[in-house]
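J.: sequence and computational prediction follow.
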Amino acid sequence: MDFELTSEHLSLKESAASFVKKDHSFDRLRDLYKDPLGYSKEAWKKMAELGWMGLIYPEEYGGLGLDFGFVMVLLEEFGKGLLPEPWISNILLGGNLILAGGTEPQKQEILPEIVSGDLMITAAYLEDDGRYDTNFCATSAKRQGDAFTISGKKIFVLDGLSADRFIVTTRTSGSVADTDGITLFMISQGADGVKMTPLKTMDGRNACTLELADVSAPETDIIGELEQGHPVLSGVMDQATAGLCAEMVGGMQAALDITVNYLTERVQFGKPIGTLQTPQHKAADMFIQKELSASSVYYAIASIDEKTVDMASAISSAKAKCSSAYVQIAKAAVQLFGGMGFSNEADIGYFLKRAKVAEILFGDADYHLDRYARLNGY
Amino acid sequence: MKVSYSSDEEKFREEVREWFRVNTPPEVKDQTLGGSSLNHDPMIKWHKTLYEKGWVAPEFPKEFGGAGFSDTEQFIFNYEYSHSGAPRLKTKLVSLGMLAPLLLQFGTKEQQERFIPDMLAGKTIWCQGFSEPNAGSDLASLKLKAVSDGDDFVLNGQKTWTSMADHADWVFMLVRTDSSGRKQQGISFLLVDLTSPGITIRPIEALTDYAPFCEVFFDDVRVPKENLVGKEGEGWKLAGALLQHERLNAFPIGELIYSIDTIRKNAEKNRYRGKPLIEDPGFRKKLAALEVDCNSLLYTFLRILSQLSVGSAPGPEASFLKVYGSELYQRVMDLNIEAMGPCGQSWYNLEALDNSVHQATMGWVNSRSLTIWGGSSEIQRTIIATQVLKLPRK
Ligand SMILES: Cc1cc2nc3c(=O)[nH]c(=O)nc-3n(C[C@H](O)[C@H](O)[C@H](O)COP(=O)(O)OP(=O)(O)OC[C@H]3O[C@@H](n4cnc5c(N)ncnc54)[C@H](O)[C@@H]3O)c2cc1C
């Protein structure tokens, strides 16, 4: 057992931290929060130049071929500054689906474009009435000659507003909640029959609803094999979830640091409120939750790199923990800031909102507890 | 002990319920879950509707424009009102809810006659100027200075978090008239016309992205001494009496029950694994647990009310209604947003998604403020420990 980072990991951590510090700030976040897109394309370009888009993709597709520990390090730093750029959706969801399920020509065509920052891609898998279940899929794809006709509706497509391509789950056989019979298709933004409705999320980022009405897709746009979509999606979702957890741990750390700092500065009753036992105990509880979350996430990340048998269970365990811990920490932080905590003039409230979105994203605590129980045979 | 209602009381309940069903305009109904704000104009219109019916201040005696309800009727009224999904009157929260009872107790006859009728009619909107940048929980350390000059006080300093100041006509405030003694001494209670020269109001945006409160700056503002309530230096005592009203008012129990009903409706509508979410055993238990907690608060509320009716003023016990009620409300908002599934991430999207989604997310964020204003949960717990349980102070 070894929870230590290598010097290569530490050096990425340093450059990510310096990027967040120099190219980002809470004032920038405040501006982007009011922007429909919620992030900046220049920053995205810059991140691509730093080589971060290809972090885990193999070198033959222009990537760096690094292990998942690097994802953790990068996202933890992003989480500390609440960096809104859509790395998780593009790299860990959209691109990763191509990598995990795509044909060789698809990988060669798409991945280098993602690595260069020129192509935006995300996944569309949530539906009305499906809650967080990735197998719930009423969107149908019917074969017509060489092509398929896709109809249905996807909700809360993460960072969908700026996506050039969507990887969409469709049902090619079986009934609505079957795990078998799901096929992944790649659909272009603006294709005939694709209607997009922009949505804003609580953390100021973007999502969209996709309504697909008889969208035609050639067989060559199937990602992976017909009817074999769900296992691919499931494996990719695990990685995206683990990455999100790392981001959440970074957020917890920053929320704690900012709060501890406030407790030492804010004076009431003639002394800093940090000298009072009640705020002290609240801060101590925040610390405990953050530490427990971090350990669960480190374990989950290591299980990805080592491909352990309990990997999926470790990831659900980490997400269940982080989903409740991050919100709990952020609520305590807002409370300790008093009136200031409820105002957009302090930075701390942005953690509350990100914590809520992150709690829900890729399944809330209940979803992952249920999944954990199933994976562990009860 | 008696827990059931008489047939007259049940008839009264029906009448109130029916009136709200018929008279609550759609633009104000089901808009303020979690205590979120309603736009000002519809709120004023709603105030006037209730005023015409004579129901703005059911808790008031008839000679002051109240409805003349008995205690039980008042409870039934408030319950049915909030339970109907009609918004509470923010326009009366601090005026009729706090200042008017104080004026009836400590104000002069002229002050009562001058101010209370306009509060009832919704002609004057009031706000509460207590908190300052460096005086929140430690309210007594407030610094805004009022210096005597002939028939006036001259005010200099700043208030903050003043709810609705940008829509208000008047502010009642605590000011420092003397800084020589203990900090609780030398505080006075003053009524100030917000159109007075020298006042600047700056709205502050909250986590909800609208501005429910403001900073208010005072620069040589002249206020006639006749606007003093009670005696000079008595402000701290008056503030104490007023805050008890704030705490008792803070949680109309019907609103809590309305929120729990809202969860139920949402969980009946939203589906999970092929069935309504409400049929999921895990979810059912969570909802039932909240309802049980809500019942215990309801019965406690009624118990305290029945003690009040025999002449006792709300004491420090009111603190525990505030602390438990606000925290319960937060848990209710937690479960409501949970019922929304992925839609719980939504922010505004009023055109694209159902109003129930907007109410859930806005209500969740807004509920975080409930344990901060009106004395934070931490401060309330200290009050319970020291004033109810009489534990020694350090
Ligand atoms: C939505 C909203 C509306 C408001 N409206 C008004 C209004 O209309 N008029 C008005 O005058 N004010 C208003 N306020 C201000 C409110 O009364 C104050 O925010 C509150 O009193 C807390 O003060 P503070 O913000 O300075 O926090 P602080 O006093 O700085 O407290 C910060 C944290 O420290 C804790 N703390 C402080 N002292 C102690 C202690 N002794 N023991 C344990 N914990 C402690 C607090 O509980 C809190 O968690 C409003 C606030 C909000 C959020």
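T.: Sure, I can see it.

J.: all the helices of the chain, residue numbers only.
T.: Picked chain A for this. Secondary structure of chain A, counting by DSSP state H: helices at A:7-23, A:26-33, A:41-49, A:68-81, A:87, A:96-101, A:104-115, A:229-265, A:277-305, A:311-336, A:348-360, A:365-375.

J.: try again with chain B
T.: Residue ranges of the helices in chain B, as given by DSSP H, are B:7-23, B:40-53, B:71-83, B:90-93, B:100-106, B:109-121, B:235-249, B:253-269, B:281-308, B:318-339, B:355-367, B:377-383.

J.: quick check: mean pLDDT of the third one?
T.: Per-region confidence: helix B:71-83 scores 86 on mean pLDDT.

J.: quick one: contacts for the residue in the stretch 101-250 of chain B positioned nearest to the ligand?
T.: Closest to the ligand within the stretch 101-250 of chain B is B:Gly136: 1.7 Å, counting by C-beta to the nearest ligand atom. Yep, even glycine has a C-beta here, placed from its N, CA and C like the rest. Taking C-beta atoms under 8 Å, 6 or more residues apart in numbering or on different chains, we find B:Gly136 in contact with A:Gln268, A:Gly338, A:Gly339, B:Trp161.

J.: could you rerun that using 6 Å?
T.: Taking C-beta atoms under 6 Å, 6 or more residues apart in numbering or on different chains as the criterion, B:Gly136 is in contact with A:Gly338.

J.: repeat that for A:Tyr61.
T.: The contact partners of A:Tyr61, by C-beta under 6 Å, 6+ apart, come to A:Lys107, A:Leu111, A:Pro112.

J.: ok, back up a step: so for chain A, which of the helices of chain B sits nearest?
T.: Taking C-beta to the nearest C-beta as the criterion, chain A comes closest to helix B:377-383 out of these, the separation being 4.8 Å.

J.: quick check: mean pLDDT of that closest one?
T.: 94.

J.: same deal with stretch B:260-268?
T.: Stretch B:260-268 carries an average pLDDT of 96.

J.: return the residues of the stretch 1-150 of chain A in contact with chain B.
T.: By C-beta under 6 Å from any C-beta of the partner chain, the residues of the stretch 1-150 of chain A that approach chain B are A:Leu126, A:Asp129, A:Arg131.

J.: residue contacts, the residue lying closest to B:Gly122 once chain neighbours are set aside?
T.: Distances taken as C-beta to C-beta, 6 or more residues apart in numbering or on different chains put B:His47 closest to B:Gly122, at 3.8 Å, once the chain neighbours are dropped. With contacts taken as C-beta under 6 Å, 6+ apart, B:His47 has the following neighbours: B:Leu89, B:Thr91, B:Gly122.

J.: which one of those residues sits in the busiest neighbourhood?
T.: Neighbour counts for the contacts of B:His47, by other C-beta atoms under 10 Å in any protein chain shown, peak at B:Thr91, which reaches 25 neighbours.

J.: got a list of what it touches?
T.: Residues in contact with B:Thr91, defined by C-beta under 6 Å, 6+ apart, are B:Met43, B:His47, B:Gly122, B:Ile125.

J.: with adjacent residues omitted, what lies nearest to it?
T.: Taking C-beta to C-beta, 6+ apart, and ignoring the residues beside it in sequence, B:Thr91 has B:His47 as its nearest neighbour in space, at 4.8 Å.

J.: and whichever residue of the stretch 51-200 of chain B sits closest to chain A, how far from A:Phe269?
T.: Of all residues in the stretch 51-200 of chain B, B:Asp138 sits closest to chain A, at 4.0 Å by C-beta to the nearest C-beta. As judged by C-beta to C-beta, to the nearest Å, B:Asp138 and A:Phe269 stand 5 Å apart.

J.: and the two? Which one has more around it.
T.: When neighbours are counted by other C-beta under 10 Å, B:Asp138 and A:Phe269 differ, and B:Asp138 comes out ahead with 17 against 12.

J.: what backbone torsions are found at the more buried one?
T.: The phi and psi values for B:Asp138, taken as degrees, to the nearest 10, are phi -90, psi 60.

J.: got it, and the one 4 residues further on?
T.: B:Leu142 has phi and psi values of phi -60, psi 150 when expressed as degrees, to the nearest 10.

J.: tell me the contacts of it?
T.: With contacts taken as C-beta under 6 Å, 6+ apart, B:Leu142 has the following neighbours: B:Glu132, B:Ala135, B:Leu174.

J.: the last one touches B:Glu132, doesn't it?
T.: No. B:Leu174 sits out of contact with B:Glu132 when judged by C-beta atoms under 6 Å, with a separation of 9.0 Å.

J.: can you list the weak-confidence ranges in the chain?
T.: Went with chain A since none was named. For chain A, residues meeting the criterion pLDDT under 70 lie at A:1.

J.: try again with chain B
T.: For chain B (pLDDT under 70), the answer is B:1, B:244-252, B:308-314.

J.: can you pull the residues of it lying near the ligand?
T.: Selection of chain B residues close to the ligand by C-beta under 6 Å from any ligand atom yields B:127-131, B:136-137, B:161-163, B:212-213, B:369, B:372-373, B:376, B:378-379, B:382.

J.: ok, 8 Å please
T.: Residues of chain B lying near the ligand by C-beta under 8 Å from any ligand atom: B:94, B:127-131, B:133-139, B:159-165, B:206, B:212-213, B:369, B:372-379, B:382.

J.: show me which of the residues you listed are buried.
T.: Burial of these was assessed by neighbour count (16 or more other C-beta atoms under 10 Å in any protein chain shown); the buried members are B:94, B:127-131, B:135-139, B:159-165, B:206, B:212-213, B:369, B:372-379, B:382.

J.: what's the burial count for the residue nearest to A:Arg28 when sequence neighbours are not counted?
T.: What sits nearest to A:Arg28 in space, not counting adjacent residues and going by C-beta to C-beta, 6+ apart, is A:Ser40, at 7.9 Å. A total of 17 residues lie near A:Ser40 under the criterion other C-beta under 10 Å.

J.: and A:Ser40, how far is that from the ligand?
T.: Separation of A:Ser40 from the ligand (C-beta to the nearest ligand atom, to the nearest Å) stands at 31 Å.

J.: give the contact list for A:Ser323.
T.: The neighbourhood of A:Ser323, defined by C-beta under 6 Å, 6+ apart, consists of A:Glu359, A:Asp364, A:Ala365.

J.: please report how far the residue nearest to the second one when sequence neighbours are not counted lies from A:Ile360.
T.: The spatially closest residue to A:Asp364, leaving aside those adjacent along the chain, is A:Ser323, at 5.5 Å (C-beta to C-beta, 6+ apart). A:Ser323 sits 8 Å away from A:Ile360, going by C-beta to C-beta.

J.: list phi and psi for the nearest residue to B:His40 once chain neighbours are set aside.
T.: Nearest residue to B:His40 in three dimensions, chain neighbours excluded: B:His167, at 5.1 Å (C-beta to C-beta, 6+ apart). Dihedral pair for B:His167: phi -110, psi -10, per degrees, to the nearest 10.

J.: how many neighbours does B:His167 have?
T.: Using other C-beta under 10 Å, B:His167 has 18 other residues around it.

J.: do the same with A:Gly338
T.: Neighbour count for A:Gly338, taken as other C-beta under 10 Å: 22.
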